[in-house]
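**Q** Have a look at this prediction, sequence included:
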Amino acid sequence: MSGRPRSFVCPDELWAACERMAWQSGRPVDDVVSEAIRRFTQGSLTAAPPPVAPGPPGYPPTMVSGHGPPAPPVRAPSAAPPPGHYPPPPPPPAAHAPPPPAYGASPMPPPAYGAPPPPMPPPMHPSTVTPPAPGGYGRPYGAQAAQPPPFPAAPPHPGPPGGQPMSDGPPSYPIFLYCEGERAQIMQPRFIIGRSRNASDFAINDSNVSRQHAAVEWLRGHYHIVDMGSTNGIQFQGRRVERKVIYDGDVIILAGHTLRFARQ
């Protein structure tokens, strides 16, 4: 079918009916509109068109009785659910729900003029109040809130770094030092580790080790290892330390040498 484009004013409900017919028949809307115009012009040449009566909003005009069957009402296209899917049912009404009070209305009717006021409820005795968790609401009047427990006291500082003797007496048990196949028992308040054999109790022949590198001291019931101001220091778990409590199995790195401490 050939032709030129035309423009005309078409009611929305009529255009919606044409789109629906085109979708049902699988043809373009232009073909449906052209066929409707052709049938209308052919019918107008043979007989006058039947009168139509305006329908309600959203429906096309219907033919007057006596001039043919009425046209079925056509609604505007809407997003219909797919086959097999139905909208959920409306919620059931509330059973015997009282109507809400009007805006600004008082929830209780005012007392009659001259009527005595309603009696006040008796005061609650403090002993009948159930105390909740300590320090919360509901405790008897005048009762003090439970105070939180105090923080534990900080442990005493092991002492300043740098080779100053801090031992407080002879130790109560020995520990053993293992280093590169050598074993030494420590059972004294202060045990020196260094390069000099004359100035230390355990000598390590290495120029990276200071003359008096570190000391093992007995303090407050524990052994401590202390850096005595050495050049390369001592390390524990990759971090340089100045003073540390020695526990069974601790490994200390001293200028690249591994020192292991154990109870036996």
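**A** Right, received. Where do you want to start? Numbering: from 1, shown residues only.

**Q** for the stretch 151-264 of the chain, what are the low-confidence residue spans?
**A** In the predicted model of the stretch 151-264 of the chain, residues 151-168 satisfy pLDDT under 70.

**Q** at 50 instead, please
**A** Where the stretch 151-264 of the chain drops to pLDDT under 50, the residues are 151, 154, 156-163.

**Q** can you give me the strands in it?
**A** Secondary structure of the stretch 151-264 of the chain by DSSP state E, counting those that start in this stretch: the strands cover 175-179, 182-186, 190-194, 202-203, 214-219, 222-227, 234-236, 239-241, 243-245, 251-254, 257-262.

**Q** Mind giving me the packing neighbours of the fifth one?
**A** On a contact count with 3 or more C-beta pairs under 8 Å, 6 or more residues apart in numbering; DSSP states H and E, strand 214-219 meets strand 190-194, strand 222-227. C-beta: built from backbone N, CA, C; applies to glycine.

**Q** Pairing partners for that strand, with directions?
**A** If you go by DSSP bridges, strand 214-219 pairs up with strand 190-194 (antiparallel), strand 222-227 (antiparallel).

**Q** how about those strands, which one is nearest Val29?
**A** For these, proximity to Val29 was assessed by C-beta to C-beta; strand 222-227 is nearest, at 93.0 Å.

**Q** Can I get that closest one as CSV, trimmed to CA atoms?
**A** Extracted as CSV, the C-alpha positions of strand 222-227 are listed here (Å, rounded to 0.1, in the frame of the first residue of the first chain):
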residue,chain,number,x,y,z
HIS,A,222,60.6,-12.8,86.9
TYR,A,223,63.7,-12.8,84.7
HIS,A,224,64.1,-9.8,82.4
ILE,A,225,66.4,-9.2,79.5
VAL,A,226,67.7,-5.6,79.3
ASP,A,227,69.6,-3.8,76.5
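
**Q** tell me which residues of it are tucked away?
**A** Tyr223, His224, Ile225, Val226, Asp227 (16 or more other C-beta atoms under 10 Å).

**Q** List the contacts of the first one.
**A** Which is Tyr223. Tyr223 is in contact with Pro171, Ile175, Ile186, Val216, Glu217, Val245, Ile246, Phe261, counting by C-beta atoms under 8 Å, 6 or more residues apart in numbering.

**Q** How many residues are close by the last one?
**A** Close neighbours of Phe261, defined as other C-beta atoms under 10 Å, add up to 20.

**Q** Report the separation between Cys191 and Pro174.
**A** Residue 191: Phe, not Cys. Remark: distance between Phe191 and Pro174 (C-beta to C-beta, to the nearest Å) = 11 Å.

**Q** Which one's more surrounded, those two?
**A** Per other C-beta under 10 Å, whichever of Phe191 and Pro174 has more neighbours is Phe191, with 23 against 12.

**Q** residues touching the closest residue to that one other than its chain neighbours, list them.
**A** Of all residues not flanking Phe191 in the chain, Val216 sits nearest, at 4.1 Å (C-beta to C-beta, 6 or more residues apart in numbering). Neighbouring residues of Val216 by C-beta under 8 Å, 6+ apart: Ile175, Leu177, Ile186, Arg190, Phe191, Ile193, Tyr223, His224, Ile225, Val226, Ile246.
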